[in-house]
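Trainee: A predicted structure for the sequence below; I have some questions about it.
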There are 2 protein chains.
Amino acid sequence: MGRSKVTTAPVSESELLRIIRPFLPEPSRDVLAGIGDDCAVIRMPRRGSSLHLLKTDAVIEGVHYASGTPLTQVGWKALCRPLSDIAAMGGIPGKALITVAAPSAWSRGDWKNLYRGIGKAARAFGVDVVGGESVRSPGAAFLSVTLTGEVSRRNLRLRNGARPGDLICVTGKLGGSLASGRHLKFRPRLREGLWLGKQSGVTAMMDLSDGLGSDLPKLAEASACSFRIAEGSLPLHRNCTAKQGMSDGEDYELLVTVKPKSWPVLQRNWISAHPELLLTPVGVVLPRGEKSSLLAPGFDHFDPGTR
Amino acid sequence: MGRSKVTTAPVSESELLRIIRPFLPEPSRDVLAGIGDDCAVIRMPRRGSSLHLLKTDAVIEGVHYASGTPLTQVGWKALCRPLSDIAAMGGIPGKALITVAAPSAWSRGDWKNLYRGIGKAARAFGVDVVGGESVRSPGAAFLSVTLTGEVSRRNLRLRNGARPGDLICVTGKLGGSLASGRHLKFRPRLREGLWLGKQSGVTAMMDLSDGLGSDLPKLAEASACSFRIAEGSLPLHRNCTAKQGMSDGEDYELLVTVKPKSWPVLQRNWISAHPELLLTPVGVVLPRGEKSSLLAPGFDHFDPGTR
């Protein structure tokens, strides 16, 4: 049996709070009680059509990042991962709870660097850190971030809305995230997810964390559909093959399905709203009975009519 | 760099969901999307005076429970710990997210036992499990539970409401939780916390997780007060000394402060409402300048007038 009192040697809990607070943004006015009470207490939004989003996501040393990775980047990634899920719902992020199981060897400087990264992401994307827990890890570092969010009912996009004939599109470029270090620096597609959630014709949305080859089958299953992907159409990062684009994972781009008749207008509006980021059709949703193919060549994504 | 795709060998993620679902209660009607999408989606309550509670709490093998502890008990404890915090706010629990970092050696039976315990607690206290994550742990098992709750503004009790002259009371008995195994089987004081939050004269509340000797100073600091505890008045579990009652921790009882003039009525009503559970005055809140004493003898807790 271990000790009942959980402390993070050599830094005490109250000292730790003093160390990390300066790195976090000031809490919003709807936070009645944040770090320091039994629970965080938050005023509920009044808007009747709002839905509440909840997400938790873990980042583990040796699994999601290599030992020795700068902790500022680890903190950034830990908060940005669940932010990517909020984005994929068409939502706006709210409050975060941060749980850190830290090796006892962590110094004050390590804690500062971790929270420098968390605080930077919190500021960048308008998140309040309202609580969490710091405990001693008997082994590797383990971070778990819980994030709340909000989405209006009409903007909500789930995985189960894709229908046969819909175009399958992805934001940005795919592949090589781990090898390039992009997985530690990515920006969750919050602005884009919010925008896409507001567009008519967007039928389903999810974020690409495991790779298109692994995530698209999940979306298709949720929507009771099959799919075909055109290898040649994949938007790839430099020096990446289509296979890498399908399976490397950790792209944190958005996967969306779009009604074909909505595509021309959506595409035009996208280019105006997000000139810096690609939105690329890479395939098509098929009826359930048909065989899904991940790398079918010859699909002309600029002409849905050729399907 | 580790693998980007997090799997819990030898059980796949989708298989895992099939294994654990039968142990969890059916989701409530306000859960629009639970386990399986990017985020859980929950309809917000309409009541304007409601506040939202957020809590996260971790349970680590070798820290919060010994290796070899039945996983049913570990699951029960993991959910009941944050429930105790919701209780201490006078709140009602809502939705839970469960993150499990499991050693790869875990069998299907291990997962079932863990979720048997989680499900039992979820049913007992009306919690919806709406999401979470299962990842591979490179070392010990690590559970992190996030819990939402709700509390009406007038029932909310924080740590900072105690005032000089208030009685310090605890529910139940203290001490010996780890040695006796009670820390694996305790029932969070939700019914009692809800009841206490509704009583006038209850000025502050928190749950006893680290032990009275460690938790009371936190409440006193939050309330800018000192305190005096009467050693002889502590309600102790069998074979426990006052010192153990103060410092063993993991009691998961409620610590409350009560205005002295409200005490006689509160005490009478408590006995009617909770005949099976003690509510014992153990000390008094002092003005900030005075020296706090944890084990001062001679305080007659049945007669606040003798202070």
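Mentor: Received the coordinates, thanks. Numbering: from 1, shown residues only, chains lettered A, B, ... in the order given.
Trainee: Which residue, other than its chain neighbours, is closest to A:Leu212?
Mentor: Nearest non-adjacent residue to A:Leu212, counting by Cβ to Cβ, 6 or more residues apart in numbering or on different chains: A:Met246, 5.2 Å away. Using the backbone N, CA and C atoms, a C-beta is placed for each residue, glycine as well.
Trainee: One more: A:Asp248?
Mentor: Excluding its sequence neighbours, the residue lying closest to A:Asp248 (Cβ to Cβ, 6+ apart) is A:Gly175, at 5.0 Å.
Trainee: for that neighbour, what are its contacts?
Mentor: If you count contacts by Cβ atoms under 8 Å, 6 or more residues apart in numbering or on different chains, A:Gly175 has them with A:Leu236, A:His237, A:Cys240, A:Thr241, A:Gln244, A:Gly245, A:Asp248, A:Asp251.
Trainee: ok, now A:Val285?
Mentor: A:Val285 neighbours (Cβ under 8 Å, 6+ apart): A:162-168, A:220, A:223, A:225-227, A:257.
Trainee: Quick check: pLDDT value at it.
Mentor: Looking at A:Val285, its pLDDT reads 97.
Trainee: quick one, phi psi at the nearest residue to it once chain neighbours are set aside?
Mentor: In this structure, A:Val285 finds its nearest non-sequential neighbour in A:Asp166, 4.3 Å apart by Cβ to Cβ, 6+ apart. Torsion angles at A:Asp166 (phi, psi; degrees, to the nearest 10) stand at phi -60, psi 150.
Trainee: With A:Ser134 instead?
Mentor: The phi/psi pair for A:Ser134 (degrees, to the nearest 10) reads phi -120, psi 120.
Trainee: can you tell me the residue of chain A closest to chain B?
Mentor: Relative to chain B, the nearest point of chain A is A:Gly139 (3.1 Å; Cβ to the nearest Cβ).
Trainee: okay, now that residue: neighbour count?
Mentor: 18 (other Cβ atoms under 10 Å in any protein chain shown).
Trainee: likewise A:Ile35?
Mentor: Counted with other Cβ under 10 Å, A:Ile35 comes out at 17.
Trainee: Can you name the residues that contact it?
Mentor: A:Ile35 touches A:Leu17, A:Arg21, A:Val129, A:Val130, A:Gly131, A:Gly132, counting by Cβ under 8 Å, 6+ apart.
Trainee: Which ones among the residues you listed map onto helices?
Mentor: When DSSP state H defines the helices, the subset of those inside them is A:Leu17.
Trainee: Go through the contacts of A:Ile35 and name the one nearest B:Pro93.
Mentor: A:Gly131 (15.9 Å; Cβ to Cβ).
Trainee: The closest one touches A:Val31, doesn't it?
Mentor: No - counting by Cβ atoms under 8 Å, A:Gly131 does not reach A:Val31; the two are 9.8 Å apart.
Trainee: list the buried ones in stretch A:43-57?
Mentor: By neighbour count, and taking 16 or more other Cβ atoms under 10 Å in any protein chain shown as the criterion, the buried residues in stretch A:43-57 are A:Met44, A:Ser50, A:Leu51, A:His52, A:Leu53, A:Leu54, A:Lys55, A:Thr56, A:Asp57.
Trainee: does the closest residue to A:Ala220 other than its chain neighbours count as helix, strand or coil?
Mentor: Closest residue to A:Ala220 apart from its sequence neighbours, by Cβ to Cβ, 6+ apart: A:Phe227 at 4.9 Å. Here A:Phe227 is recorded as strand under DSSP: H, G, I helix; E, B strand; the rest coil.
Trainee: Now, of the contacts of A:Gly175, which are buried?
Mentor: In these, the ones that pass as buried (16+ other Cβ under 10 Å) are A:His237, A:Cys240, A:Gln244, A:Gly245, A:Asp248, A:Asp251.
Trainee: hey, which helix or strand in chain A has the poorest pLDDT?
Mentor: Here the helix or strand of chain A ranked lowest by mean pLDDT, DSSP states H and E is strand A:293-296, holding a mean of 66.
Trainee: secondary structure class for A:Leu147?
Mentor: Using three-state DSSP, the structure places A:Leu147 in strand.
Trainee: Contact partners for it?
Mentor: A:53-57, A:79, A:82-83, A:85-86, A:93-96, A:127.
Trainee: what is it paired to in the beta sheet?
Mentor: A:Lys55, A:Ala96 (DSSP bridges).
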